[in-house]
Structure formats: C-alpha cells, structure tokens
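Peer 1: What follows is a predicted protein model with its sequence.
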Amino acid sequence: MGARVNTAAAGTANWVDERTSIGGFVKFFARKLFPDHWSFMLGEIALYSFVVLLLSGVFLTAFFVPSMTIVEYDGPLATMKGVEMSEAFASTLHMSFEVPGGLLMRQIHHWSALLFTAAIVTHMARVFFTGAFRKPRELNWLVGFTLMILSLAAGFSGYSLPDDVLSGNGLRIIEGVTRSVPIVGEYISYWIFGGEFPGEILIPRLFTMHVLLVPGLILVLVALHLFLVFLHKHTQYPGGGRKDTNVVGLPLFPVYTAKAGGFFFVVFGVIALVAAIFTINPVWNYGPYDPSPVSAGTQPDWYILFVDGALRLMPGWLFDVIPMEWEFWGYTLSLNILTPALILPGLFFGFLALYPWIEAWATGDRGEKHVLDRPRNAPVRTGIGVALISFYVILVMEGSNDIIANLFHLSLNDLTYFFRIGIFVIPVLAFWITRRLAIGLQRKDRELVLHGKETGRIVRHEHGEYQEVHEPLTDQERWVLVSYDDIAPLEIEPEYNDRGVRRKGYRWDRFKQRLSRLYFEKRISPVTPEELAEAQHAHH
Amino acid sequence: MNALARHRYHRAAPVVLVLLLLALITGVAAAVSTASSADAATATTAEDAAEGQKLFAANCASCHGLDATGTDGVAPSLVGVGAAAVDFQVGTGRMPMQSSGPQAIAKRTQFSEEEISQLAAYVASLGAGPAIPTAEQVDPELGDAAKGMELFRTNCAMCHGSVGGGGALTQGKYAPNLWETTPTHIYEAMLTGPQSMPVFNDANITPEGKRDIIAYLKAQDEGSPGGLRLGTIGPVAEGMWGWLVALGLIIASTVWIGARSS
C-alpha cells in the first residue's frame, strides 16, 4: 500500500515537473533555512487571520446587499418589526437571524478583524524592539507599515458597512474630521459622500473599497512582504555561532511546513471558539442608522479608538482662554479637530514609518544587521518604543473614558484632566524608566559573564573564609550575553581651530553629537575576552 | 375493612392531604397579597397618609424638613412630586440616602411595601403629582418592542446605552443599568425624572410609548443571540477581549509550538 502511494505521488510529481520544471523551485524553497523562535510567528497570526477574513468574507458577500435603499423590516426580530431601514442593515439582520450559520460567520469575520489588527501591531512591536528594521530591511518595514495602515482602512470600511447607528456615528466623525482640513475639507467631504452627509451612495462605495480595493492591495503587499523576507533571509536572535553573515536554523520542509500548517488551524480554531462564545458588534442592539441618536458607549473598534481618544482629549479652549477655532475670511480653522484627528496621528505614524532612517541617522550606525538586538542592548530604542506605546495606550483609555468612569465609579471629567496632563508626562517617564531598566539588565548580564551564576553553595576555606561558589557560564550562554555592538558616542572637531577661527557647521555637528550621546553615552559595553580572562584569574 | 375505609387509608393519603393544605394556604395568601397591593396602587386612605407622616418624620424629615418643603442645598421640596416619585426613590432603595455623593445610589429597600405606600400617600396628600402607574400601564406584554426601540434610541440611549446597559455622565454621575429595574420603577422614573434624568411627561412620551419602552427593555432579558454579551458596552469590551483572549491564547500557543523545537 505505502509503496503504491509513493509511486503514485512520485509519478504525479514527475508529470508536473516535466511540464513546468517546478522541481527546482520546490527544492529551493524546501531547503530555505529559517531560524526558530516563537516571536517569529506573530506575523503569521496576522497572515492567517487575514486568510480567515477572506474565507468568511466571501460567505458574507453572498448575503450582504450594499444598498442604502429604504425598506421596511419584516424578519423574525421582534424589536425591529416594521422599522424602516436601509437594505444594507436589513440584509445584515437577515444573514444574522435567517441564514443558517450566518451569525457565526459574521462573528468569525469581525473577531478575526480585531485579531488581524492586533497581531499586526504585536508583530510590528517585535520588529521594532529587536531592531529587525535595520539595513537591509528598511523597505520591508515600510511595506509592513503600509499593511498596518491598510488593515485600519479595511477594518473601518467593514465596520461601517452594516449601516447601524454605531458605525454611522463613526462615519459622522470621519466627516467632521474631513471637513476640518482647511479650505479643501468641505470639497473632499462632498466628494466622499456624494453630497451632504450621509447621502445615498456611501455604502456601495465603502463596499467596493472593503471587498475589492483594500484586500487587493493587502494581498499584493503581503506577497511583496514575504518575498522580501525570502530575499533578505530571516533575522535571528543572538546565539552560539550566529553572525550577520549566516543563518542558523532549520529548513522550511518538513519542520516549518508542519508547524506553520498546523498553526493555521490553531489560529482558525481560536477565532472560531471566541466567535462561537462571545457576541461581537450586535447591530440589532444599535438599530438602523439615523443621524439624530447617539447612544452612550459609542466607540469605534479598538484600532481606531486612539483617534477618538485624541478628539476627546483635545480642549476646545486652551486654558479656557485661547480658542482653538478661528475664522479667517469666511473659512473656519478648527484646530480642535484638525490637531487631534489629523496632525497628531500624522506625526505619530510618520515617526513610526521613518524610524529606521531616524535611528540610522541619529546613531550613524549604517551596517548590515542580520542578528537581532535583545531589547536591553538598545536601551534608547526600547525606551522610545515603550514611550510610544504608553502614548498610544493613554489615547485608547481616553477614548474609553466613559466606560472606565462608569465601571470604576470615577468622574469622567477628572479622567480627562488626568489624561491631558498624562499624555505629556507619562511617555517621558516611560522612556526614562525603560532605559534605566534596560541599562540595569545590561549590568546584570555583564556581572553574569564576568563572575558566573550564583549557586547558593557556601564553601569554607581552610583559612576560615566563607565564599559563595559561582558557576561560570557555558560558551553558548556567554555568546548570547556578549554579542552586541558597542558604539561610542560621536566625537566632533572642536569649535575653534588652533588659530581661534570658528568652524563652519559646528552647531549642526554638536546637535548630531547630542543625539549620538543620547543613544550611546550611558552604554554598557559587552565584556571583552581580556576582561573575562582577568575576572577568571581573580577568582582562582 | 370495607372499600371506602381502604380508600381512606391509602398510603399516599397523608402526602396528598399535606399538598392540598399547602396549595390552599398559598392560594389564600396570594389572593390576599394581590388584593392588598391592588388596594395600595389604587386607593389609599387618610389613615395611610397619617401613618406615612409618622414614617416621614422619623426617616426623611432630617433632610426634607418636617413639612417636606426641603432644605436649601441639601434636599428638595417634596410638595407636588407625587406618589410615583416616592415609590421610585424609596422602592429602589435610593432614599433614604446613605451618604452624599454625586448621586443617590440604588441599594436594598429600607421599607416594606406597606410602609412605602403609606409614605407615598402622605407625600401625595401634600400636593397634586403623578400617581403610581397601574399594572396594565406597565405590562411589557401589551407594549410594542419595535416602537419602544425607536423611542428608546431617540430619548434614552444617549445616557443609558443602546439597550439600557448604563453609561457615564459628568462628574461621577451615571445613568444606571436598567435590566434589573421593575417595569413600574422604569415608568415612574420617566414620569418623575429622578436625579439627573429629565422628566418625560405624557405629552413628551405618551403612556403607550412608555409601555413600548418597557417592552423593549424587557426584550433584553432574552440575552444575545450571538452568545455572551461582554456587558453590552460596545467595542471597548470587544477590543479588550480580542487582545486578551484571542491574541493571548494564540501567543500562548506560539510559545508552546516554539518550545518544541530544535
């Protein structure tokens, strides 16, 4: 039996190979080496939840009607009997309550959307904190960044499709934000909505964007993203024998194909489990869209919540004295909307997108890097990352301020005042504390390399002295702790030459030196072989 | 023994007798209690008002004043608030107030049904005000949940949330969750506007409309067709569960898969 199956498989493979010469590619891919670490699977979570999104999305398109034509509901839901609603909302109710398995599919789709965005952010954080964006991978960081932005577009356009009160309120905010753009804002808003909000063409437009444009772009960029991973080869964590010039790992076939294939079912399984147990986006609670009502607890999905938070955080009047809304020659400049909803996300995302170049420029370190940094060995970068996260989390919490106030019996106003100060103070504190912790951990590593591990065994020497026995690290352990770059801060030429003439460009050089010092002045150098020999000598 | 006697001394006879007796007691008690509550809702006597005044003097007068005209900055006058306001405030345990704070908190009721109706009778005797609604006025079975949904969305959801799960107001005040509130108390709250709530008089929302709203809120008892509701507080809860449960479980499994490696 086994022999016959093998012959059949070999025959088929041969048949295909003789007609396509695919054997060479298969061999190349199957032998491609990948280093192993659990954190390298975070991007896979995003990929697999995207596959689940495509599968469940195809099912939903079979029942969803992207139309804003008004119909009267006559389905099984008692609380909607005879209510006027758009066909989009009616078809969403129809697929939830009358199509077998429809509600489960909707919930699978929505939960995987939340997971998709969450996994992208987590993957991005892993790449950031380990320095995997450095040369030659800056372009791939940018591709990944664009994918993250596209995932927000995919999520928001999908969230708005059912045409319920909750998502309609979200669109109303988007309309307001669009209008806050000076001079052209109103034209753009009219162009998007085909006239006054909400108009009658938005849902079909969003539908095209949601099922065709955005997923198409995501597919292309995912292909590019993975191609670049193949091209650059995967990064690896520091460890025995691992260098910038090699890859230590296992071939794609059979271990990773089995792991990755199985992992798809883990991801699908968890999504299906969560979707089967927990309600998500109960549009039947919110009701069909009507521009007048806004209910308490109106928030966007988590990945847009930071914009909502920024809007809630922004005062209309600065210190109750300076108005944030001005009128010039008949044009209104709404800084109270423009700043939190467009300028702030623009700066935040801009900084994130350009960080590979910012860091290379600030540190002057432009070498090719294939071995990852342990976050502690790049204290400033780690500090910046934690500061960015804390900034983002404050915005998300401010976006949820009414929920937090209600659950914890706090005053809504006090929370907002707290976050208004916190948004400036907490990221700075987070940066400082994180950098301190990283440096502390580096010192601990140095101590370990020099003096070994404490064993807890106390020995009394012949002359009466008590000493704890330290066990030296193995070569493998030591490799991890000492293999990182040791870069000294930038040295610059003095301001005046020996004849007392002031040098041109000194100020710029001094600025670059300050940046370099920020990164490297407090560095802890890895233990050198000489230091190690000396320390071991001292022990004996 | 003849047939009758054998029958009379059947083994199950004592059990049947006890059950019959219990049924009789329950029936009488139920009849008496519904009769008394119906009385309370419809007719109160001057005697009740007199009893109510005594209760008022002992439990409420320290803030509202002996003549119930209120104290400036402490408690409002109760002249003309009607029996409905008393039944709501005392019946949900909000009054007597435990401590001063952003708003009175609902807690265990301090008085019996009878005492509450006596207090209500006393306050109602001070001046004309809204009466306690009848059982028919608040029966969710007679309401239209779909009409209630539309009324609720336009008038109530901005504070109480889309299905009455509750929500925050300014300065620590809040609109409470409405799922445990009895139909009568919901009706009375609309009629009298307790705390920060506006008054929805009969010109604003008709008595039928109020009943429709009650029908809509009671329709929430059936739970969510989608599974557990996560508090019905919207996308914030969903996002948190997405991160903690879905992504948490999956990352735990990546660590597990990663641990079984080379």
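Peer 2: Here it is on my side, so go on. Residues are numbered from 1 along each chain as shown, chains lettered A, B, ... in the order given.

Peer 1: so the closest residue to A:M324 other than its chain neighbours is in which element?
Peer 2: Distances taken as Cβ to Cβ, 6 or more residues apart in numbering or on different chains place A:N336 nearest to A:M324, at 3.8 Å, with adjacent residues excluded. Heads up, the C-betas are built off the backbone N, CA and C, glycines and all. Counting by DSSP states H and E, the element that carries A:N336 is helix A:335-338.

Peer 1: who touches that helix?
Peer 2: With contacts defined as Cβ atoms under 8 Å, 6 or more residues apart in numbering or on different chains, helix A:335-338 is touched by A:176-177, A:180-182, A:311, A:314-316, A:324-326.

Peer 1: What helices and strands are in contact with the next helix or strand after that helix?
Peer 2: Counting by DSSP H and E, the next helix or strand C-terminal to helix A:335-338 is helix A:344-363. Judged by 3 or more Cβ pairs under 8 Å, 6 or more residues apart in numbering or on different chains; DSSP states H and E, helix A:344-363 is in contact with helix A:138-160, helix A:305-313, helix A:379-399, helix A:506-520.

Peer 1: Check the gap between A:T20 and A:N14 for me.
Peer 2: Using Cβ to Cβ, to the nearest Å, one gets 11 Å for the distance from A:T20 to A:N14.

Peer 1: quick one on the thing from earlier: so which of the helices and strands packed on helix A:344-363 gets nearest chain B?
Peer 2: Evaluated over the helices and strands packed on helix A:344-363, closeness to chain B peaks at helix A:305-313, with 6.8 Å, by Cβ to the nearest Cβ.

Peer 1: now the next helix or strand after the closest one, how far from the centre of its chain.
Peer 2: Where DSSP H and E defines the elements, the next helix or strand beyond helix A:305-313 is strand A:317-318. Centroid displacement of strand A:317-318 relative to its chain, using Cα atoms, centre = their mean, to the nearest Å, is 32 Å.

Peer 1: do stretch A:428-439 as well
Peer 2: 21 Å.

Peer 1: Spell out which parts of the stretch 301-450 of chain A neighbour chain B.
Peer 2: A:301-303, A:305, A:399-403, A:405-406, A:409-414 (Cβ under 8 Å from any Cβ of the partner chain).

Peer 1: change it to 6 Å
Peer 2: By Cβ under 6 Å from any Cβ of the partner chain, the residues of the stretch 301-450 of chain A that approach chain B are A:301-302, A:400, A:402-403, A:405-406, A:411-413.

Peer 1: Pull out the buried residues from these.
Peer 2: A:301-302, A:400, A:402-403, A:405-406, A:411-412 (16 or more other Cβ atoms under 10 Å in any protein chain shown).

Peer 1: quick one: the nearest residue to A:T363 once chain neighbours are set aside from B:D202, how far?
Peer 2: The shortest distance from A:T363 to any non-neighbouring residue, by Cβ to Cβ, 6+ apart, is to A:Y519 (5.0 Å). Distance from A:Y519 to B:D202, counting by Cβ to Cβ: 71 Å.

Peer 1: Comparing the two, which residue is more hemmed in?
Peer 2: Applying other Cβ atoms under 10 Å in any protein chain shown to A:Y519 and B:D202 shows that A:Y519 carries more neighbours, namely 20 against 13.

Peer 1: related to what we said a few turns ago, max pairwise distance over the buried ones among the residues of the stretch 301-450 of chain A next to chain B: which two?
Peer 2: Using Cβ to Cβ, those span at most 26.5 Å, a distance reached by A:D301 and A:S411.

Peer 1: picking up where we left off before, could you identify which of the helices and strands packed on helix A:344-363 has the lowest mean pLDDT?
Peer 2: Across the helices and strands packed on helix A:344-363, helix A:506-520 has the smallest mean pLDDT, namely a mean of 91.

Peer 1: Run through who's touching that helix.
Peer 2: By Cβ atoms under 6 Å, 6 or more residues apart in numbering or on different chains, the list of residues contacting helix A:506-520 from outside reads A:362-363, A:380, A:487, A:489-490, A:492, A:495.

Peer 1: ok, back up a step: chain B: which of the residues of the stretch 301-450 of chain A next to chain B is nearest?
Peer 2: Lowest distance from chain B to those (Cβ to the nearest Cβ) belongs to A:W302, with 2.8 Å.

Peer 1: residues touching that closest one, list them.
Peer 2: A:W302 makes contacts with B:G239, as judged by Cβ under 6 Å, 6+ apart.

Peer 1: returning to what we had before: show me which of the contacts of helix A:335-338 are buried.
Peer 2: So, of the contacts of helix A:335-338, A:176-177, A:180-181, A:311, A:314, A:324 end up buried under the neighbour-count rule (16+ other Cβ under 10 Å).

Peer 1: Mind checking which of the residues of the stretch 301-450 of chain A next to chain B land in helices?
Peer 2: A:402-403, A:405-406, A:412-413 (DSSP state H).

Peer 1: biggest separation within the residues you listed, which pair?
Peer 2: Using Cβ to Cβ, the pair of those lying farthest apart is A:I403 and A:N413, separated by 15.1 Å.

Peer 1: Any chance of TSV for the contacts of helix A:506-520, columns distance to A:L54 and neighbour count?
Peer 2: Formatted as TSV, the contacts of helix A:506-520 follow (distance: Cβ to Cβ, whole Å; neighbours: other Cβ atoms under 10 Å in any protein chain shown):
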residue	distance to A:L54	neighbour count
A:A362	40	17
A:T363	40	21
A:V380	40	22
A:I487	45	14
A:P489	49	18
A:L490	49	18
A:I492	54	15
A:E495	61	12
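
Peer 1: nearest to B:G127, of those residues?
Peer 2: Checking those against B:G127 with Cβ to Cβ, the nearest one is A:V380 at 72.3 Å.

Peer 1: contacting residues around the closest one?
Peer 2: Applying Cβ under 6 Å, 6+ apart, we find A:V380 in contact with A:Y519.

Peer 1: can you do 10 Å?
Peer 2: A:V380 makes contact with A:359, A:362-363, A:431, A:434-435, A:438-439, A:515, A:518-523 under the criterion Cβ atoms under 10 Å, 6 or more residues apart in numbering or on different chains.

Peer 1: By proximity to chain B, which residue of the stretch 101-250 of chain A wins?
Peer 2: A:L114 (3.6 Å).

Peer 1: That residue in helix, strand or coil?
Peer 2: helix (DSSP: H, G, I helix; E, B strand; the rest coil).

Peer 1: what's the burial count for it?
Peer 2: For A:L114, the neighbour count with other Cβ under 10 Å is 27.

Peer 1: Likewise for A:L54?
Peer 2: When neighbours are counted by other Cβ under 10 Å, A:L54 registers 15.
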